[in-house]
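K.L.:
quick one, structure for this:
(one chain, ligands or ions: 1)
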Amino acid sequence: MSIAAKDISWSVGRKPVLDRVSLMAEPGKVLGLLGPNGSGKTSLLRILAGLRQAHKGQVSIDGQNIRSVGRRTLAQRIAFVEQHAATNVDLRVIDVVKLGRFPHRSPFSNWSAADEEAVGEALERCDMADRSDQRWQSLSGGERQRVHIARALAQTPKELILDEPTNHLDVNHQLSLLELVSSLSITCIVSLHDLNHAAMFCDRLVVLESGRIVAAGTPEDVLTQSLLKDVFAVDARIETSIHHSRPHVQFLPCGLCRSPQFPLN
Ligand SMILES: Nc1ncnc2c1ncn2[C@@H]1O[C@H](COP(=O)(O)OP(=O)(O)OP(=O)(O)O)[C@@H](O)[C@H]1O
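P.N.:
Here you go, the predicted structure:
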């Protein structure tokens, strides 16, 4: 069952940010969260990760209300990579990644072979193994992002929640990160702005608009020309890629949208 949200509402003052949001992230699958700027993606991810409490509704993990799951258990099983995660501390890369093991260790336990393996594998998978001694403050934005993701993987979570993880990454690292995420046998919830990446790498998609779910289902079901027009205010044509058999979104420049050559079906 993994993570499920039922009728989640959350407001800031009198402004509703999330309005009766329900979703289910299935074990071992990648759930993509889409929506325009300010539609509520980050707010929802923070609630799903247990970092914020909904004003109404419930989040459950394997059927258990997240509020009754202990902090340590939550920290062991859910890893969250935030959009603007930052630190002023000038640790080495490997020390940042080692922080991912913190929930699994007690104050008196020695660094174990399992800890070592998890950290080494995470660094390797994020292409940072040869930079493990480099200082955090000397890394580029994309390298820092990869280290944050390595820290999350070192946590060996059952659920991995990523808020716009491809921000700052070059195209090669964007694709390899999403390929890595889709190859993991854990539950992943990932917010993305790139609709073609969402189509290629997510099993299911949920689309938020002004805090409400306006579409949910497979990429084929969700990514339609009319949804792109209604929710994102863009004109596009959607084809099935001959390379990966997933939907491929081709955006039209605004002049072309009005051309009779490209009727909006
Ligand atoms: N702590 C807060 N205080 C005030 N307003 C907030 C707070 N958190 C979120 N909001 C508002 O809620 C709305 C949704 O914000 P959120 O960051 O969840 O959107 P988002 O879909 O992740 O946006 P983006 O794609 O730009 O990252 C925005 O209008 C934002 O200003």
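K.L.:
could you list the residues in contact with the stretch of helix or strand E117 belongs to?
P.N.:
Using DSSP states H and E, E117 sits within helix 113-125. Contacts to helix 113-125, defined as C-beta atoms under 8 Å, 6 or more residues apart in numbering, come from residues 93-94, 97-98, 100-101, 104-105, 129, 132, 150-156, 180. Just so you know, the C-beta spots here come from the backbone N, C-alpha and C atoms, and that holds for glycine as well.
K.L.:
show the buried residues in the residues you listed.
P.N.:
Buried members of those, scored by 16 or more other C-beta atoms under 10 Å, are 93-94, 97-98, 100-101, 104, 129, 132, 150-156, 180.
K.L.:
ok so, going back, so of the contacts of helix 113-125, which ones are in helices?
P.N.:
In helices, judged by DSSP state H, the following of the contacts of helix 113-125 are found: 93-94, 97-98, 150-154, 180.
K.L.:
out of these, who's nearest G13?
P.N.:
For the ones in helices among the contacts of helix 113-125, the closest approach to G13 (C-beta to C-beta) belongs to A152, at 31.8 Å.
K.L.:
check contacts around that closest one.
P.N.:
A152 touches 79-81, 100, 122, 160, 162, counting by C-beta under 8 Å, 6+ apart.
K.L.:
avg pLDDT for stretch 168-181?
P.N.:
Throughout stretch 168-181, pLDDT has a mean value of 89.
K.L.:
count of neighbours near N88?
P.N.:
6 (other C-beta atoms under 10 Å).
K.L.:
what about the chain, any weak spots by pLDDT?
P.N.:
Per-residue confidence for the chain (pLDDT under 70) gives these ranges: 1, 85-87, 255-265.
K.L.:
the same query, at a cut-off of 80, please.
P.N.:
1, 84-89, 107-108, 254-265 (pLDDT under 80).
K.L.:
would you mind listing what in it touches the ligand?
P.N.:
Within the chain, the positions adjacent to the ligand are 12, 17, 35, 37-43 by C-beta under 6 Å from any ligand atom.
K.L.:
so which of these are in helices?
P.N.:
41-43.
K.L.:
and the residues you listed as TSV, adding distance to R246 and neighbour count?
P.N.:
As requested, those are exported to TSV (distance: C-beta to C-beta, whole Å; neighbours: other C-beta atoms under 10 Å):
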residue	distance to R246	neighbour count
K41	21	25
T42	26	18
S43	28	21
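K.L.:
which of the ones in helices among the contacts of helix 113-125 lies closest to the ligand?
P.N.:
A152 (18.3 Å; C-beta to the nearest ligand atom).
K.L.:
circling back to that earlier point, how about JSON lines for the contacts of A152, with secondary structure and distance to C188 added?
P.N.:
Formatted as JSON lines, those follow (DSSP: H, G, I helix; E, B strand; the rest coil; distance: C-beta to C-beta, whole Å):
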{"residue": "A79", "secondary structure": "strand", "distance to C188": "10"}
{"residue": "F80", "secondary structure": "strand", "distance to C188": "11"}
{"residue": "V81", "secondary structure": "strand", "distance to C188": "11"}
{"residue": "G100", "secondary structure": "helix", "distance to C188": "16"}
{"residue": "A122", "secondary structure": "helix", "distance to C188": "15"}
{"residue": "L160", "secondary structure": "strand", "distance to C188": "5"}
{"residue": "L162", "secondary structure": "strand", "distance to C188": "7"}
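K.L.:
now the two most distant members of these.
P.N.:
F80 and A122 (15.1 Å).
K.L.:
contacts only, for L153.
P.N.:
Neighbour list for L153: 79, 100, 118, 121-122, 125-126, 160 [criterion: C-beta under 8 Å, 6+ apart].
K.L.:
what about the spatially most central residue of the chain, helix or strand, and which?
P.N.:
With distances taken as C-alpha atoms, centre = their mean, the chain has V190 as the residue nearest its mean C-alpha position (2.0 Å). Assigned by DSSP H and E, V190 belongs to strand 187-191.
K.L.:
follow-up on the earlier one: show me just the buried residues among the residues of the chain next to the ligand.
P.N.:
The buried subset of those (16+ other C-beta under 10 Å) comprises 17, 35, 39-43.
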